[in-house]
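> Sharing a model prediction with you, sequence too.
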Amino acid sequence: MKRILVTGGAGFVGSHLCERLLNEGNEVICLDNYFTGSKQNIEHLMDHHYFELVRHDITNPFMAEVDEIYNFACPASPVHYQYNPIKTTKTSVMGAINMLGLAKRVKAKILQASTSEVYGDPNVHPQPESYWGNVNPIGSRSCYDEGKRCAETLFMDYHKENKVKIKIIRIFNTYGPRMHPQDGRVVSNFIVQALKGENITVFGDGTQTRSFQYVDDLIEGTVRMMNTKDSFIGPVNIGNPKEFTMLQLADEIIHLTGSKSKITYLPLPEDDPMQRQPDISLAKKELEGWEPKISLREGLKSTIDYFDQLLS
Ligand code: NAD
Ligand code: UDP
């Protein structure tokens, strides 16, 4: 049995990760400041003998004897990370320093939840890990993109200078049950709008693309990455390479919900990337043949069921 710290454990992805790690027989400390996460996400784990919940902000140091750390604390939706951009950068940068300091002190292995946003609005397509990205350092997405890029730098330097055992994953758009209904991300927005019969808000002309990964596929890739040999540190892309336009996504959600909602067009937000698709060859090679198993249709069905229950 390992003792594992999950920062951001009460969030959408973090809560699925806590569940998986507990099911594997580990002891889990879930740390969260509840900015975008909630106790409801982990309510079903509260009675578990080996589950511990700590209200803490990772911009402050934290001490616990642990074997592994999954650093997932950070708002991920543009609406939330732009709400207090300075805090977002602090969470990524000071949070990384605090968690890496802890890993160094207790000799824990630490995995960073980085993002496809480190590639910005990419002019290489699909994006391999070797691509350095096209990021605006002073735009409205910069607090998140540059914060995550700096966190990667810190991880690499703690590894080189202090021999901390690190792993970096770059997560591409992930969706599934326990996304916040007012999260602002496209999958949750479209589903909630479709279920309520409201207009579906497509930003821009809807031809921009994203590649959507169901949360279970991400969790599998993440845990496999933590368990790779120490010499493999990444960064490694974890995402579903199947690419869709936002109009295709809207049509699919209208079809699956049987909704009468109509599409309405709103302005494209600043620096909104036009295309995004992961090159997952490295993940396939290093993570024992890992690849996403759940199709968009299948994943959307479970996510629609979740929101249907939540809203009724
Ligand atoms: P989320 O907003 O649901 O979860 C983030 C969690 O971190 C929340 O519970 C929030 O309360 C907590 N948190 C935020 N700031 C904190 C702080 N300073 N101290 C302690 N806790 C804090 O988002 P998510 O989709 O679950 O994303 C989880 C991680 O995965 C994030 O680091 C995000 O950048 C990364 N990621 C997610 C996606 C995606 O598509 N979901 C894509 C790329 C990267
Ligand atoms: N988007 C949209 N309507 C919405 C929310 C988002 O058309 O109601 C678009 C957004 O402009 C972007 C894509 O969907 O092009 C994905 O947005 P999201 O915020 O989910 O993630 P990110 O831009 O960080 O990949």
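Sure thing, it's come through. Fair warning: this is a prediction, and the values are worked out from it, not measured in the lab. Ligands and ions are numbered 1, 2, ... in the order given.

> all contacts plus neighbour counts: C-alpha atoms, from now on.
Fine.

> ok, which stretches of the stretch 201-312 of the chain are helices?
215-226, 246-257, 281-286, 296-311 (DSSP state H, counting those that start in this stretch).

> For residue 23, which of these is the nearest?
Each of the helices of the stretch 201-312 of the chain has some distance to residue 23 by CA to CA; the shortest is helix 215-226, at 12.4 Å.

> Please name every helix or strand in contact with the closest one.
Packed against helix 215-226 by the contact rule (3 or more CA pairs under 8 Å, 6 or more residues apart in numbering; DSSP states H and E) you find helix 12-23, strand 166-171, strand 174-175, strand 236-238.

> May I see the buried residues of the first one?
Residues of helix 12-23 classed as buried: 12, 13, 14, 15, 16, 17, 18, 19, 20, 21, 22 (neighbour count, 16 or more other CA atoms under 10 Å).

> Now do that helix against helix 215-226, angle only.
Here helix 12-23 points in a direction 60 degrees away from that of helix 215-226 (axes from the mean of the first three to the mean of the last three CA atoms, to 10 degrees).

> Is helix 12-23 positioned near ligand 2?
No: on the criterion CA under 6 Å from any ligand atom, helix 12-23 is out of touch with ligand 2, staying 13.6 Å away.

> residues in contact with the following helix or strand past that helix?
Downstream of helix 12-23, the next assigned helix or strand under DSSP states H and E is strand 27-32. For strand 27-32, contacts defined as CA atoms under 8 Å, 6 or more residues apart in numbering pick out 1-11, 18, 21-22, 50-57, 73.

> near ligand 1, from these?
8, 9, 10, 11, 56, 57, 73.

> quick one: which of those residues sit in strands?
Among the ones next to ligand 1 among the contacts of strand 27-32, no member is found in strands (DSSP state E).

> now the residues you listed in CSV, with distance to ligand 2?
Output for those, formatted as CSV (distance: CA to the nearest ligand atom, whole Å):
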residue, distance to ligand 2
8, 18
9, 20
10, 20
11, 16
56, 25
57, 23
73, 16
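
> any idea how far the residue nearest to residue 171 when sequence neighbours are not counted is from ligand 1?
In space, residue 171 comes closest to residue 115 once its chain neighbours are excluded; the distance is 4.5 Å by CA to CA, 6 or more residues apart in numbering. Counting by CA to the nearest ligand atom, to the nearest Å, the gap from residue 115 to ligand 1 is 4 Å.

> Please name the residues that touch residue 115.
148, 169, 170, 171, 172.

> count of neighbours near the residue nearest to residue 225 when sequence neighbours are not counted?
Nearest residue to residue 225, sequence neighbours excluded (CA to CA, 6+ apart): residue 287, at 6.3 Å. A total of 19 residues lie near residue 287 under the criterion other CA atoms under 10 Å.

> my read: residue 287 touches residue 224, true?
Yes: if you go by CA atoms under 8 Å, residue 287 and residue 224 touch, sitting 5.9 Å apart.

> Spell out which residues sit in contact with residue 54, please.
Per CA under 8 Å, 6+ apart, neighbours of residue 54: 29, 30, 31, 32.

> for it, phi and psi?
Residue 54 adopts backbone torsions of phi -130, psi 130, taken as degrees, to the nearest 10.

> bridging residues for it?
For residue 54, the beta-bridge partners are residue 31 (DSSP bridges).

> roughly how far apart are residue 168 and residue 84?
The spacing between residue 168 and residue 84, counted by CA to CA, to the nearest Å, is 25 Å.

> thinking again about what came up before, go back to the contacts of residue 54 and keep what's next to ligand 2.
By CA under 6 Å from any ligand atom, no member of the contacts of residue 54 lies near ligand 2.

> I'd like those as a markdown table, with distance to ligand 1 and pLDDT appended.
Formatted as a markdown table, the contacts of residue 54 follow (distance: CA to the nearest ligand atom, whole Å; pLDDT from 0 to 100):
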| residue | distance to ligand 1 | pLDDT |
| --- | --- | --- |
| 29 | 13 | 98 |
| 30 | 10 | 98 |
| 31 | 6 | 98 |
| 32 | 4 | 98 |
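
> any low-confidence regions in the protein?
Residues of the chain meeting the criterion pLDDT under 70: none.

> Residue 267 and ligand 1: what is the separation?
22 Å.

> Verify the stated contact: that residue with residue 206.
No: counting by CA under 8 Å, residue 267 does not reach residue 206; the two are 10.3 Å apart.
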